[in-house]
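Asker: sequence unavailable; structure follows:
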DNA sequence: TAATATATTTCATCTCGCTTAACCAATAAG
DNA sequence: CTTATTGGTTAAGCGAGATGAAATATATTA
(Lines give C-alpha, C1' and ligand atoms only; values in the text may rest on other atoms or scores of the structure.)
Protein backbone atom coordinates (compact mmCIF):
# COMPACT_ATOMS: atom_id res chain seq x y z
CA UNK A 1 0.00 0.00 0.00
CA UNK A 2 1.17 3.49 -0.75
CA UNK A 3 0.33 5.64 2.20
CA UNK A 4 1.14 9.29 2.18
CA UNK A 5 3.81 8.66 4.75
CA UNK A 6 5.64 6.16 2.60
CA UNK A 7 5.44 8.34 -0.49
CA UNK A 8 6.67 11.24 1.55
CA UNK A 9 9.57 9.19 2.78
CA UNK A 10 10.57 8.17 -0.73
CA UNK A 11 10.43 11.71 -1.92
CA UNK A 12 12.40 13.11 0.94
CA UNK A 13 14.99 10.39 0.52
CA UNK A 14 15.71 11.32 -3.06
CA UNK A 15 15.46 15.00 -2.25
CA UNK A 16 17.81 14.74 0.71
CA UNK A 17 20.28 12.67 -1.24
CA UNK A 18 20.35 15.34 -3.87
CA UNK A 19 20.66 18.18 -1.38
CA UNK A 20 23.37 16.53 0.64
CA UNK A 21 25.26 15.59 -2.47
CA UNK A 22 25.15 19.17 -3.70
CA UNK A 23 26.14 20.45 -0.32
CA UNK A 24 29.15 18.17 -0.09
CA UNK A 25 30.23 19.03 -3.59
CA UNK A 26 29.96 22.71 -2.80
CA UNK A 27 31.95 22.20 0.37
CA UNK A 28 34.72 20.29 -1.40
CA UNK A 29 34.92 22.59 -4.40
CA UNK A 30 35.04 25.75 -2.35
CA UNK A 31 37.20 24.18 0.35
CA UNK A 32 34.90 25.63 2.99
CA UNK A 33 33.71 23.97 6.17
CA UNK A 34 30.05 23.68 7.08
CA UNK A 35 30.46 26.49 9.58
CA UNK A 36 32.07 28.78 7.04
CA UNK A 37 29.32 28.09 4.55
CA UNK A 38 26.78 28.79 7.24
CA UNK A 39 28.40 32.18 7.86
CA UNK A 40 28.29 33.12 4.20
CA UNK A 41 24.63 32.22 3.91
CA UNK A 42 23.81 33.95 7.16
CA UNK A 43 25.27 37.14 5.75
CA UNK A 44 23.64 36.70 2.39
CA UNK A 45 20.13 36.09 3.68
CA UNK A 46 20.32 37.86 7.02
CA UNK A 47 22.26 40.90 5.90
CA UNK A 48 25.29 42.54 7.45
CA UNK A 49 25.91 42.09 11.16
CA UNK A 50 28.57 42.30 13.83
CA UNK A 51 31.00 39.69 15.02
CA UNK A 52 29.09 38.75 18.15
CA UNK A 53 25.84 38.39 16.23
CA UNK A 54 27.66 35.80 14.21
CA UNK A 55 28.91 34.17 17.39
CA UNK A 56 25.38 33.94 18.71
CA UNK A 57 24.18 32.58 15.43
CA UNK A 58 26.82 29.86 15.41
CA UNK A 59 26.44 29.18 19.11
CA UNK A 60 30.08 29.88 19.74
CA UNK A 61 32.20 32.34 21.76
CA UNK A 62 33.01 35.78 20.43
CA UNK A 63 36.65 34.84 20.27
CA UNK A 64 35.85 31.90 18.01
CA UNK A 65 33.63 34.05 15.83
CA UNK A 66 36.32 36.67 15.53
CA UNK A 67 38.86 34.11 14.39
CA UNK A 68 36.41 32.56 11.99
CA UNK A 69 35.77 35.96 10.47
CA UNK A 70 39.49 36.55 10.27
CA UNK A 71 40.01 33.42 8.20
CA UNK A 72 37.15 34.30 5.87
CA UNK A 73 38.49 37.82 5.47
CA UNK A 74 41.84 36.27 4.63
CA UNK A 75 40.13 34.33 1.84
CA UNK A 76 38.61 37.55 0.55
CA UNK A 77 35.07 36.31 1.14
CA UNK A 78 34.17 38.77 3.89
CA UNK A 79 35.10 42.32 4.65
CA UNK A 80 35.16 44.05 8.02
CA UNK A 81 34.29 47.70 8.32
CA UNK A 82 33.74 50.01 11.22
CA UNK A 83 30.15 50.85 12.07
CA UNK A 84 30.06 54.66 12.08
CA UNK A 85 27.14 54.66 14.51
CA UNK A 86 28.96 52.61 17.13
CA UNK A 87 32.63 52.41 16.46
CA UNK A 88 33.07 49.37 18.68
CA UNK A 89 31.28 47.11 16.25
CA UNK A 90 32.77 45.83 13.04
CA UNK A 91 30.18 45.44 10.36
CA UNK A 92 30.62 42.26 8.38
CA UNK A 93 29.57 41.89 4.79
CA UNK A 94 30.25 39.59 1.87
CA UNK A 95 32.81 40.69 -0.68
CA UNK A 96 31.90 40.35 -4.36
CA UNK A 97 33.78 37.07 -4.32
CA UNK A 98 31.71 35.92 -1.36
CA UNK A 99 28.48 36.90 -3.03
CA UNK A 100 29.49 35.10 -6.20
CA UNK A 101 30.16 31.91 -4.27
CA UNK A 102 26.76 32.01 -2.63
CA UNK A 103 24.98 32.78 -5.87
CA UNK A 104 26.73 29.92 -7.64
CA UNK A 105 25.44 27.52 -5.08
CA UNK A 106 21.92 28.88 -5.28
CA UNK A 107 22.07 28.69 -9.04
CA UNK A 108 23.02 25.00 -8.94
CA UNK A 109 19.95 24.22 -6.91
CA UNK A 110 17.76 26.35 -9.16
CA UNK A 111 19.03 24.51 -12.18
CA UNK A 112 18.17 21.17 -10.67
CA UNK A 113 14.64 22.32 -10.03
CA UNK A 114 14.40 23.60 -13.55
CA UNK A 115 15.55 20.22 -14.85
CA UNK A 116 13.05 18.49 -12.66
CA UNK A 117 10.33 20.66 -14.09
CA UNK A 118 11.18 19.78 -17.63
CA UNK A 119 11.32 16.09 -16.73
CA UNK A 120 7.61 16.23 -16.00
CA UNK A 121 4.77 16.15 -18.45
CA UNK A 122 2.99 19.50 -18.63
CA UNK A 123 -0.30 17.98 -17.54
CA UNK A 124 1.35 16.67 -14.40
CA UNK A 125 2.57 20.09 -13.43
CA UNK A 126 -0.69 21.51 -12.26
CA UNK A 127 -1.36 18.68 -9.86
CA UNK A 128 2.10 18.80 -8.47
CA UNK A 129 1.97 22.53 -7.94
CA UNK A 130 -1.25 22.11 -6.01
CA UNK A 131 0.09 19.23 -3.96
CA UNK A 132 3.35 20.90 -3.07
CA UNK A 133 1.55 24.05 -2.07
CA UNK A 134 -0.61 22.14 0.36
CA UNK A 135 2.36 20.25 1.67
CA UNK A 136 4.40 23.37 2.20
CA UNK A 137 1.58 25.07 4.00
CA UNK A 138 1.03 22.07 6.22
CA UNK A 139 4.73 22.02 7.08
CA UNK A 140 4.74 25.73 7.85
CA UNK A 141 1.71 25.33 10.06
CA UNK A 142 3.45 22.54 11.93
CA UNK A 143 6.49 24.74 12.32
CA UNK A 144 4.55 27.55 13.93
CA UNK A 145 2.52 25.17 16.07
CA UNK A 146 5.50 23.28 17.37
CA UNK A 147 7.73 26.25 18.02
CA UNK A 148 5.75 28.73 20.11
CA UNK A 149 9.09 29.81 21.54
CA UNK A 150 11.57 31.40 19.21
CA UNK A 151 13.77 28.90 17.37
CA UNK A 152 16.53 31.20 18.64
CA UNK A 153 19.97 30.60 17.26
CA UNK A 154 18.94 27.53 15.34
CA UNK A 155 17.86 29.74 12.48
CA UNK A 156 20.21 28.08 10.06
CA UNK A 157 20.87 29.13 6.52
CA UNK A 158 21.96 26.63 3.92
CA UNK A 159 22.99 26.62 0.27
CA UNK B 1 2.20 33.29 -10.90
CA UNK B 2 2.99 30.05 -9.20
CA UNK B 3 5.25 28.02 -11.40
CA UNK B 4 6.34 24.59 -10.39
CA UNK B 5 9.83 25.91 -9.86
CA UNK B 6 8.73 28.48 -7.36
CA UNK B 7 6.55 26.03 -5.47
CA UNK B 8 9.39 23.60 -5.43
CA UNK B 9 11.66 26.24 -4.01
CA UNK B 10 9.26 27.06 -1.22
CA UNK B 11 8.92 23.43 -0.35
CA UNK B 12 12.62 22.79 -0.36
CA UNK B 13 13.17 25.81 1.83
CA UNK B 14 10.87 24.60 4.54
CA UNK B 15 11.99 21.01 4.14
CA UNK B 16 15.66 21.87 4.25
CA UNK B 17 15.21 24.13 7.23
CA UNK B 18 13.55 21.29 9.04
CA UNK B 19 16.15 18.73 8.03
CA UNK B 20 19.10 20.92 8.86
CA UNK B 21 17.56 21.89 12.16
CA UNK B 22 17.04 18.25 13.07
CA UNK B 23 20.51 17.38 11.94
CA UNK B 24 22.13 20.11 14.00
CA UNK B 25 20.08 19.19 17.04
CA UNK B 26 21.10 15.58 16.66
CA UNK B 27 24.71 16.57 16.29
CA UNK B 28 24.66 18.78 19.38
CA UNK B 29 22.71 16.39 21.55
CA UNK B 30 24.86 13.43 20.69
CA UNK B 31 28.04 15.48 20.64
CA UNK B 32 29.01 13.84 17.35
CA UNK B 33 30.62 15.43 14.33
CA UNK B 34 29.18 15.16 10.84
CA UNK B 35 31.79 12.56 9.96
CA UNK B 36 31.03 10.46 13.00
CA UNK B 37 27.32 10.57 12.23
CA UNK B 38 28.10 9.59 8.67
CA UNK B 39 29.98 6.54 9.95
CA UNK B 40 27.11 5.43 12.14
CA UNK B 41 24.63 5.70 9.31
CA UNK B 42 26.95 3.99 6.91
CA UNK B 43 27.14 1.04 9.25
CA UNK B 44 23.43 1.04 9.91
CA UNK B 45 22.34 1.11 6.28
CA UNK B 46 25.36 -0.46 4.65
CA UNK B 47 25.99 -3.21 7.17
CA UNK B 48 29.22 -4.25 8.86
CA UNK B 49 32.50 -3.54 7.08
CA UNK B 50 36.23 -3.21 7.60
CA UNK B 51 38.24 -0.16 8.53
CA UNK B 52 39.48 0.59 5.04
CA UNK B 53 35.99 0.28 3.55
CA UNK B 54 35.08 3.06 5.92
CA UNK B 55 38.11 5.05 4.84
CA UNK B 56 37.10 4.69 1.19
CA UNK B 57 33.57 5.71 2.06
CA UNK B 58 34.72 8.83 3.85
CA UNK B 59 37.41 9.55 1.29
CA UNK B 60 40.21 9.57 3.85
CA UNK B 61 43.31 7.49 4.57
CA UNK B 62 43.17 4.21 6.44
CA UNK B 63 45.03 5.78 9.30
CA UNK B 64 42.37 8.45 9.65
CA UNK B 65 39.61 5.86 9.48
CA UNK B 66 41.33 3.74 12.10
CA UNK B 67 41.58 6.70 14.47
CA UNK B 68 37.98 7.67 13.84
CA UNK B 69 36.89 4.14 14.63
CA UNK B 70 39.00 4.21 17.74
CA UNK B 71 37.22 7.28 19.06
CA UNK B 72 33.80 5.82 18.31
CA UNK B 73 34.76 2.57 20.00
CA UNK B 74 35.82 4.64 22.99
CA UNK B 75 32.33 6.12 23.10
CA UNK B 76 30.85 2.63 23.00
CA UNK B 77 29.08 3.27 19.72
CA UNK B 78 31.08 0.81 17.61
CA UNK B 79 32.70 -2.48 18.28
CA UNK B 80 35.66 -4.02 16.51
CA UNK B 81 35.93 -7.76 16.05
CA UNK B 82 38.26 -10.01 14.14
CA UNK B 83 36.95 -11.48 10.93
CA UNK B 84 37.48 -15.25 11.29
CA UNK B 85 37.72 -15.64 7.50
CA UNK B 86 40.58 -13.18 7.12
CA UNK B 87 42.17 -12.36 10.40
CA UNK B 88 43.72 -9.16 9.10
CA UNK B 89 40.38 -7.40 8.83
CA UNK B 90 38.53 -6.01 11.81
CA UNK B 91 34.80 -6.19 11.33
CA UNK B 92 33.05 -3.06 12.51
CA UNK B 93 29.51 -3.00 13.78
CA UNK B 94 27.29 -0.73 15.82
CA UNK B 95 26.88 -1.48 19.49
CA UNK B 96 23.35 -1.49 20.94
CA UNK B 97 24.04 2.08 22.05
CA UNK B 98 25.05 2.99 18.50
CA UNK B 99 21.96 1.40 17.04
CA UNK B 100 19.76 3.20 19.54
CA UNK B 101 21.26 6.53 18.58
CA UNK B 102 20.61 5.94 14.90
CA UNK B 103 17.08 4.71 15.48
CA UNK B 104 16.28 7.74 17.61
CA UNK B 105 17.24 10.01 14.81
CA UNK B 106 15.26 8.06 12.25
CA UNK B 107 12.29 8.04 14.56
CA UNK B 108 12.36 11.84 14.87
CA UNK B 109 12.11 12.22 11.13
CA UNK B 110 9.39 9.60 10.90
CA UNK B 111 7.40 11.41 13.55
CA UNK B 112 7.65 14.67 11.66
CA UNK B 113 6.29 13.05 8.53
CA UNK B 114 3.52 11.47 10.53
CA UNK B 115 2.63 14.88 11.94
CA UNK B 116 2.71 16.37 8.50
CA UNK B 117 0.35 13.70 7.29
CA UNK B 118 -2.17 14.42 9.98
CA UNK B 119 -1.91 18.14 9.30
CA UNK B 120 -3.42 17.51 5.89
CA UNK B 121 -7.09 17.14 5.11
CA UNK B 122 -7.93 13.54 4.18
CA UNK B 123 -9.33 14.60 0.82
CA UNK B 124 -5.99 16.20 -0.03
CA UNK B 125 -4.10 13.01 0.59
CA UNK B 126 -4.85 11.22 -2.62
CA UNK B 127 -3.71 14.07 -4.80
CA UNK B 128 -0.55 14.53 -2.85
CA UNK B 129 0.30 10.86 -3.01
CA UNK B 130 -0.09 10.94 -6.77
CA UNK B 131 1.87 14.14 -7.15
CA UNK B 132 4.74 13.07 -4.95
CA UNK B 133 4.98 9.77 -6.74
CA UNK B 134 5.39 11.54 -10.05
CA UNK B 135 7.86 13.95 -8.59
CA UNK B 136 9.97 11.23 -7.04
CA UNK B 137 10.07 9.28 -10.23
CA UNK B 138 11.07 12.33 -12.23
CA UNK B 139 13.85 13.06 -9.77
CA UNK B 140 15.09 9.48 -9.88
CA UNK B 141 15.09 9.56 -13.65
CA UNK B 142 17.14 12.75 -13.58
CA UNK B 143 19.51 11.09 -11.17
CA UNK B 144 20.17 8.14 -13.43
CA UNK B 145 20.34 10.33 -16.52
CA UNK B 146 22.80 12.76 -15.04
CA UNK B 147 25.06 10.20 -13.39
CA UNK B 148 25.92 7.60 -15.99
CA UNK B 149 29.14 7.07 -14.06
CA UNK B 150 28.91 5.68 -10.58
CA UNK B 151 28.39 8.30 -7.90
CA UNK B 152 31.23 6.39 -6.20
CA UNK B 153 32.07 7.43 -2.69
CA UNK B 154 29.44 10.14 -2.67
CA UNK B 155 26.95 7.53 -1.53
CA UNK B 156 26.24 9.40 1.63
CA UNK B 157 23.97 8.27 4.39
CA UNK B 158 22.24 10.82 6.54
CA UNK B 159 19.96 10.82 9.58
C1' DT C 1 34.30 62.85 35.52
C1' DA C 2 34.66 58.29 37.08
C1' DA C 3 33.00 53.79 36.94
C1' DT C 4 30.99 50.34 34.30
C1' DA C 5 29.37 47.87 30.33
C1' DT C 6 29.91 46.36 25.50
C1' DA C 7 32.28 44.87 21.04
C1' DT C 8 36.10 42.98 19.39
C1' DT C 9 40.76 41.15 19.32
C1' DT C 10 44.84 38.61 20.98
C1' DC C 11 47.07 34.86 23.38
C1' DA C 12 47.92 30.41 25.27
C1' DT C 13 46.07 26.08 25.09
C1' DC C 14 43.08 22.16 23.96
C1' DT C 15 40.89 18.65 20.94
C1' DC C 16 39.66 16.75 16.52
C1' DG C 17 40.55 14.99 12.20
C1' DC C 18 43.71 14.70 8.78
C1' DT C 19 48.39 13.29 6.53
C1' DT C 20 52.72 10.64 5.87
C1' DA C 21 55.80 7.18 7.30
C1' DA C 22 57.03 3.32 9.81
C1' DC C 23 55.44 -0.95 11.43
C1' DC C 24 53.16 -5.56 12.45
C1' DA C 25 50.51 -9.46 11.23
C1' DA C 26 48.08 -12.33 7.98
C1' DT C 27 47.45 -13.76 3.35
C1' DA C 28 48.64 -14.51 -1.53
C1' DA C 29 52.06 -15.25 -5.22
C1' DG C 30 56.42 -16.59 -7.04
C1' DC D 1 59.75 -21.16 1.47
C1' DT D 2 60.54 -16.65 0.41
C1' DT D 3 58.65 -12.54 -1.13
C1' DA D 4 55.23 -9.35 -2.05
C1' DT D 5 50.68 -7.53 -0.90
C1' DT D 6 46.97 -6.27 2.06
C1' DG D 7 44.49 -4.63 6.42
C1' DG D 8 45.19 -2.29 10.30
C1' DT D 9 47.60 0.37 13.98
C1' DT D 10 50.93 3.68 15.80
C1' DA D 11 53.67 7.95 15.96
C1' DA D 12 54.80 12.69 14.77
C1' DG D 13 53.11 16.73 13.13
C1' DC D 14 49.83 20.10 10.96
C1' DG D 15 45.80 23.21 10.62
C1' DA D 16 41.02 24.30 11.94
C1' DG D 17 38.22 25.66 15.34
C1' DA D 18 37.04 25.96 20.07
C1' DT D 19 37.88 27.90 24.86
C1' DG D 20 38.95 31.26 28.83
C1' DA D 21 41.43 35.09 30.19
C1' DA D 22 43.49 39.36 29.37
C1' DA D 23 43.88 43.61 26.48
C1' DT D 24 41.88 47.59 23.95
C1' DA D 25 38.71 50.89 22.44
C1' DT D 26 34.31 52.83 22.57
C1' DA D 27 29.69 53.84 24.92
C1' DT D 28 26.81 54.42 28.72
C1' DT D 29 25.63 55.49 33.32
C1' DA D 30 25.87 57.17 38.03
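Answerer: That came through fine. Just so you know, these numbers come straight off a predicted model, no measurement behind them.
Asker: going forward, measure contacts and count neighbours with C-alpha atoms only.
Answerer: OK.
Asker: would you map the strands across chain A?
Answerer: A:78-82, A:90-94 (DSSP state E).
Asker: so which of those gets nearest chain B?
Answerer: For chain B, the closest of these is strand A:90-94, at 21.9 Å, according to C-alpha to the nearest C-alpha.
Asker: what helices or strands is the closest one leaning on?
Answerer: Judged by 3 or more C-alpha pairs under 8 Å, 6 or more residues apart in numbering or on different chains; DSSP states H and E, strand A:90-94 is in contact with helix A:34-46, helix A:51-58, strand A:78-82.
Asker: would you format the ones you listed as JSON lines with distance to residue B:43 and mean neighbour count included?
Answerer: Below are the helices and strands packed on strand A:90-94 laid out as JSON lines (distance: least, C-alpha to C-alpha, whole Å; neighbours: other C-alpha atoms under 10 Å in any protein chain shown):
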{"stretch": "helix A:34-46", "distance to residue B:43": "23", "mean neighbour count": "18"}
{"stretch": "helix A:51-58", "distance to residue B:43": "29", "mean neighbour count": "19"}
{"stretch": "strand A:78-82", "distance to residue B:43": "39", "mean neighbour count": "17"}
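Asker: what's the closest of those to chain B?
Answerer: Per C-alpha to the nearest C-alpha, nearest to chain B of the helices and strands packed on strand A:90-94: helix A:34-46, 9.4 Å.
Asker: ok, back up a step: which of the strands of chain A sits closest to residue A:72?
Answerer: strand A:78-82 (5.7 Å; C-alpha to C-alpha).
Asker: in stretch A:96-111, which residues are buried?
Answerer: A:98-99, A:101-102, A:105, A:109-110 (16 or more other C-alpha atoms under 10 Å in any protein chain shown).
Asker: let me know the closest of those residues to DNA strand D.
Answerer: residue A:98 (15.5 Å; C-alpha to the nearest atom of the strand).
Asker: contacts with DNA strand C among the buried residues of stretch A:96-111, please.
Answerer: When the buried residues of stretch A:96-111 are checked against DNA strand C using C-alpha under 7 Å from any atom of the strand, none falls in range.
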